[in-house]
Structure formats: C-alpha cells, structure tokens
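Just to be clear, the model below is a prediction. Sequence and coordinates:
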Number of protein chains: 2
Amino acid sequence: MGRTSDAKAKILTAAGTLLEQRGYSALGVAEICKAAGVPKGSFYYFFESKETLALAVIDAHWAAERHDWERILHGDGDPLLRLRELLEATEEGQRAGQGSYGAVLGCMFGNLSLEMSNQADAIRLRLQEIFEAEVDMVDAVITEAREHGELTLTDTREAARSVVAQLEGQVLFAKLYNNPARLHSLWQSCLALLGAGDQTALSAAA
Amino acid sequence: MGRTSDAKAKILTAAGTLLEQRGYSALGVAEICKAAGVPKGSFYYFFESKETLALAVIDAHWAAERHDWERILHGDGDPLLRLRELLEATEEGQRAGQGSYGAVLGCMFGNLSLEMSNQADAIRLRLQEIFEAEVDMVDAVITEAREHGELTLTDTREAARSVVAQLEGQVLFAKLYNNPARLHSLWQSCLALLGAGDQTALSAAA
C-alpha cells in the first residue's frame, strides 16, 4: 500500500496548492493529476469526483489551521493578547504564501465560500461548520477576557462573528491588493469591535 | 443598429446574472450566448474574450451600484444615518437577490476579488478601483460626521476601510449561510469600528 498511499497524498498536496491559487471551477482533474505526477486512473481510485477531492482538501487544510488556532488561542497568558497573536499569525501566513507563490492567496475557506456556496451543498455545509468552529474559538477567548474584566460587551457570540467577518474582509483586501500589510490594522479593528478600542495598554504595541 | 445593440445588451444582461450566480471560471461563452439567446458569432463581434465581457459586466454593475451609493451617501440629513441607510440597503439588496434567484448571491466585486485577483490583472485592477471608490465615499461621510462632532476618530481612511471590510466579510457569511439576516448586525459593528458603539441615539433603532 506504500505506493498507493503516496499517490493519494500527492494528489491531495497538488490539489491543495492549485485550489488555493486558482479556485475550484478553473481546475480540471487532468491538471491536478499532472501536477501530482500520478496517472488519472489513480485519481478515481481514491476520489469519486472533483468535489470529493475538494472536500478532502478542505478537511486537510482545516485540520492544519485548526491546530494552529488551538495552539494560539488555548495558550496561557492574557486572552486578548492570544487573539492578537492569532491575527498577527494570519498576516504572517499570508506573507509566507506571497513569498512562496508570488501572490497573496487569501483564506481558502473564504475563497471557496464565495465561489462555491451556491453550487455545491456539501462544500457549503462543510465551510459553514468550519466558520462556526472558528467563531466558537474566538467566542471562547472573548468570554474569557470578559470574565477577567477586560471587556464589558454582552453578546460575545455576535462580537466573535464580527471579528471573524473583519478577518475575512481584510484578507479579501490583502488578496485583491496583493499586499499582506493590509492586515496590519486588523488588531485595532478587532479591539474596536470588542468595544476596547481605547485600551491603550492593549493597543499600544499594535 | 437596433438589432445588434439589442444583442449586446442581451449578452451583458445574461452574463451579469450568470456571473453573479456562478462566478467567472465556471462559465463558458457558449452558455452565456445560449442564455442571452444570441448566436456565438455575435459574442465575438462585441467582445474580444470572456475577460473583456467580464470587465464590461463589472463596469455596468458598478455604474448601477455607484448610483445607489451616491444617492444614499450624498443625501441630506445626518451623515451617520446615511451610512446606516447604505448598510440597510445592502441587506435589502441581498434579500431581493435571494427572492429572485433562491440564493444570496453576495457582492459581485467581493466574489470576483477572491476568485480572479490572482488570475487576471485587468480584473484585479478594475476591482481595486471600485473598492477604492467605495472607501472614498465612506471616508467622505465619516469625515463629515467627524466635522459635525459625531465621531472623534483620527484616521478616517483606515476606519472607512474597516467598514467596507466588515461589509464584505458579513456579506460573505450571508452568502455562505444563504441568510440575508446575517447582515442585520452590520450597523452595530460599523458603529463599533467608528468608535461610536455607545451612542445610544444612533444605535437604538438598529
């Protein structure tokens, strides 16, 4: 099974890169197989369709991103500073993508939400679950900050949604202008959304 | 020229609808011509390529949207209430789209930013100009509100960018969840981004 598992991994890796660079509709199975260096027959041995592959790519991408988010947000220290670290890591991630591929690639989940929501129910539902999990994680850290007396807002869920929306909106601009520095103001916007825009200690070094 | 002009208008209308529903890459010229009810030869008489058509669709869509934005934002009355009216009109527009097509279509410019930024320089540049014009309009109304003593923020440009980013992020979620009501909290988020989240008079009826 060594070689076949290897082929599946190669397809997933190649498809992940291509999907981030060019979206879903612009890709063909033949192109993915060529980039992966595997025969087309291998593709259909592992994946029923391009949509099945896309779901597997989304899952793999989310497993990695979720791990990063948990590592940062479940850490020790001040909860709001952990949230800030997450936003800074997002900027760094987009900068690294630009370094590797010559262009800011944006958020795979945001990209596919706008491209695919109305065209593939399974992809829409998977992306909904992912964004719900992201909002859960941000909500938890905001709730913790409120318990520590750092925030006074009442609806932590709504605030978490607005923070994730701001993240997606600013990543859209970073991609459109091919400029990761567009994300530099994300922390200030986030503080404002949390009603903490005037907390000098938190915003000073931003 | 009556019939040829008619054919061009038919192609633009059909392509506009299809582009909003399915994005750029998923569309073929043959499908656009079929939806428009014109022969494929007509297409290449008016448009050099699918990309040329997409730019014409973007321009037509922006001409209409810019007209709406100017009508609302250049109106009389309190500047922040005009901004609020714009956000409410956005929610209404997405609701109307859902009524017509069965699904929230999102913002054509946001959709194409994430799908096409890295694939077509001409489209990327056109979309940059459009978002810059949107930020200009929001900046002007924020500046006016500051001159009226309603806001105290210093960087109106940055605030305008964060408001447009919030709009795009929340529209992404409205599309992903096929739920225009996701946009209902937009005004509260906007007030928070403008450092005016505690102004009861402005937020009360939101």
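The structure has been received and is ready for your questions.

mind checking how far the spatially closest residue to A:Met116 that is not a sequence neighbour is from B:Ala14?
Computed as Cβ to Cβ, 6 or more residues apart in numbering or on different chains, the closest residue to A:Met116 that is not its neighbour in sequence is A:Ile123, at 4.7 Å. C-beta: built from backbone N, CA, C; applies to glycine. Computed with Cβ to Cβ, to the nearest Å, the distance linking A:Ile123 and B:Ala14 is 26 Å.

and what of A:Glu129?
Between A:Glu129 and B:Ala14 the computed distance is 35 Å (Cβ to Cβ).

Can you list the helices and strands that the longest helix belonging to chain A packs against?
What stands out as the longest helix in chain A, according to DSSP state H, is helix A:121-147. Packed against helix A:121-147 by the contact rule (3 or more Cβ pairs under 8 Å, 6 or more residues apart in numbering or on different chains; DSSP states H and E) you find helix A:50-73, helix A:79-101, helix A:108-116, helix A:156-176, helix B:156-176.

pLDDT on stretch A:181-192, on average?
Mean pLDDT, computed over stretch A:181-192, is 96.

Show me what counts as buried in it.
Residues of stretch A:181-192 classed as buried by neighbour count (16 or more other Cβ atoms under 10 Å in any protein chain shown): A:Arg182, A:Leu183, A:His184, A:Ser185, A:Leu186, A:Trp187, A:Gln188, A:Ser189, A:Cys190, A:Leu191, A:Ala192.

Which strand or helix spans the fifth one?
A:Leu186 belongs to helix A:186-193 when elements are defined using DSSP states H and E.

was I right about A:Ala7 contacting A:Ser42?
Yes: the pair A:Ala7 / A:Ser42 is scored as a contact, 4.7 Å apart, by Cβ atoms under 8 Å.

when you check chain B, which of the buried residues of stretch A:181-192 turn up near it?
Residues shared between these and the neighbourhood of chain B are A:Ser185, A:Gln188, A:Ser189, A:Ala192 [Cβ under 8 Å from any Cβ of the partner chain].

which ones are touching the last one?
A:Ala192 is in contact with B:Ser162, B:Ala192, B:Leu193, B:Leu194, B:Gly195, B:Gly197, counting by Cβ atoms under 8 Å, 6 or more residues apart in numbering or on different chains.

mind listing what the last one touches?
By Cβ under 8 Å, 6+ apart, the contact list for B:Gly197 reads A:Ala192, A:Gly195, B:Gln188, B:Leu191, B:Ser203.

From chain A, how far out is the fourth one?
It stands for B:Leu191. Taking Cβ to the nearest Cβ, to the nearest Å as the criterion, B:Leu191 is separated from chain A by 10 Å.

Just the angle for the longest helix of chain A relative to helix B:156-176, thanks.
Per axes from the mean of the first three to the mean of the last three Cα atoms, to 10 degrees, the angle that helix A:121-147 makes with helix B:156-176 is 130 degrees.

Next, the angle helix A:50-73 makes with helix A:121-147.
Angular relation of helix A:121-147 and helix A:50-73 on a 0 to 180 degree scale: 10 degrees, by the same axes, to 10 degrees.

for helix A:121-147, the distance to its chain's centre please.
Its chain's C-alpha centre and that of helix A:121-147 lie 12 Å apart, by Cα atoms, centre = their mean, to the nearest Å.

Can you pull out the low-pLDDT segments for chain A?
Within chain A, the stretches falling below the threshold (pLDDT under 70) are A:1-4, A:198-206.

ok, so what distance separates the spatially most central residue of it from A:Asn178?
Among the residues of chain A, the smallest C-alpha distance to the mean C-alpha position (Cα atoms, centre = their mean) belongs to A:Cys107, namely 4.7 Å. Using Cβ to Cβ, one obtains 15 Å as the distance from A:Cys107 to A:Asn178.

And A:Asp139, by the same measure?
Noted for A:Asp139: a distance of 32 Å to A:Asn178, by Cβ to Cβ.

which ones are touching the residue nearest to the centre of chain A?
Going by Cβ under 8 Å, 6+ apart, the list of residues near A:Cys107 reads A:Leu167, A:Glu168, A:Val171.

ok so, going back, and the ones next to chain B among the buried residues of stretch A:181-192, which two are furthest apart?
Farthest pair in those (Cβ to Cβ) is A:Ser185 and A:Ala192. Separation: 10.0 Å.

intersection of neighbour lists for those two?
Taking Cβ under 8 Å, 6+ apart as the contact rule, the neighbours common to A:Ser185 and A:Ala192 are B:Ser162.

so what's A:Ala133 closest to, chain neighbours aside?
Counting by Cβ to Cβ, 6+ apart, the nearest residue to A:Ala133 once its immediate chain neighbours are dropped is A:Arg66, at 6.9 Å.

what's the neighbour count on that neighbour?
The number of residues packed around A:Arg66, counting by other Cβ atoms under 10 Å in any protein chain shown, is 14.

That one against A:Asp136, yeah?
No: judged on Cβ under 8 Å, A:Arg66 makes no contact with A:Asp136 at a distance of 10.8 Å.

Can you tell me the closest non-neighbouring residue to A:Leu191?
That would be A:Gly197: by Cβ to Cβ, 6+ apart, it lies 4.9 Å from A:Leu191.
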